[in-house]
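*Asks:* missing the sequence, but the structure's below:
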């Protein structure tokens, strides 16, 4: 992490400051603000003060990034006192951090699948022979077992709460995918979930609430 000095980018001080050791798992842009108070018990929402313009705001790292890098069109007030050299330095830090995250990203590991337990390989012919009876084969038990394992690994590796399985949309998702053939389908990515689809769902809720608002 860089050591900042001067009135423009002075390092955060006080109880809300961030040391280099604390910042190992955070982007360097946190060094340009002073954390004042955490909002809620979970998540990364803070009341923070910009060390450059001195204004106090609330939000996550994304809002801090938008404020400091003067990204327009995000409904976030930009910092009007950031100099060109400071902005270039912050852009460099963000790029370095993104590259570091990519290098340290979780890699998919091929783990043994219990669904292969019923498959044997003939060493002489190298052909797969199924030891399963015709009835389990007719219901494709191997595929179901593997799907169960993929779902559970998604929960374990992503830290998802187990009570998510009680959400009706959780069941509807897999029921829909199991009953519809959609070749080449790719699930929504990170950016679409937090932008396009979030706004779309917000509009849906607004339409449902409109009759209530009218009355």
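*Replies:* Good, I have the coordinates. Note that the structure is predicted; figures quoted are calculated from it, not measured.
*Asks:* now residue 186, what's its secondary structure?
*Replies:* coil (DSSP: H, G, I helix; E, B strand; the rest coil).
*Asks:* and it, what does it touch?
*Replies:* Taking CB atoms under 8 Å, 6 or more residues apart in numbering, we find residue 186 in contact with no residue. In short, each C-beta sits where N, CA and C put it, glycine included.
*Asks:* residue 192 versus that one, what's the distance?
*Replies:* Residue 186 sits 10 Å away from residue 192, going by CB to CB, to the nearest Å.
*Asks:* cool, and residue 51?
*Replies:* Residue 51 is 33 Å from residue 192, by CB to CB.
*Asks:* neighbour count for these two, which is higher?
*Replies:* A count of neighbours by other CB atoms under 10 Å puts residue 51 above the other of residue 51 and residue 192, at 21 against 12.
*Asks:* break this structure into its domains for me.
*Replies:* 14-103, 117-205 (automatic domain parsing).
*Asks:* out of those, which is the most enclosed?
*Replies:* domain 14-103 (a mean of 15; mean count of other CB atoms under 10 Å).
*Asks:* which residues in this protein form strands?
*Replies:* 33-38, 46-50, 56-59, 119-121, 128-130 (DSSP state E).
*Asks:* which elements pack onto the third one?
*Replies:* So that's strand 56-59. Packing contacts for strand 56-59, counted by 3 or more CB pairs under 8 Å, 6 or more residues apart in numbering; DSSP states H and E, involve strand 46-50, helix 61-68.
*Asks:* show me the contact partners of the first one.
*Replies:* The contact list for strand 46-50 (CB under 8 Å, 6+ apart) reads 16, 32-39, 55-60, 64, 67-68, 79.
*Asks:* tell me which strands it pairs with, and in which orientation.
*Replies:* In the sheet, strand 46-50 lines up against strand 33-38 (antiparallel), strand 56-59 (antiparallel) (DSSP bridges).
*Asks:* residue ranges with poor pLDDT in this protein?
*Replies:* Scanning the chain for pLDDT under 70 picks out 1-27, 42-43, 103-140.
*Asks:* circling back to that earlier point, need the strands of the chain in TSV (columns: distance to residue 83).
*Replies:* Shown next, in TSV, are the strands of the chain (distance: least, CB to CB, whole Å):
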stretch	distance to residue 83
strand 33-38	16
strand 46-50	14
strand 56-59	20
strand 119-121	64
strand 128-130	66
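*Asks:* and of those, who's closest to residue 147?
*Replies:* Counting by CB to CB, residue 147 lies closest to strand 119-121 out of the strands of the chain; the figure is 16.3 Å.
*Asks:* coming back round to it: which one of the strands of the chain lies nearest to residue 153?
*Replies:* Proximity to residue 153 (CB to CB) singles out strand 119-121 among those, at 20.0 Å.
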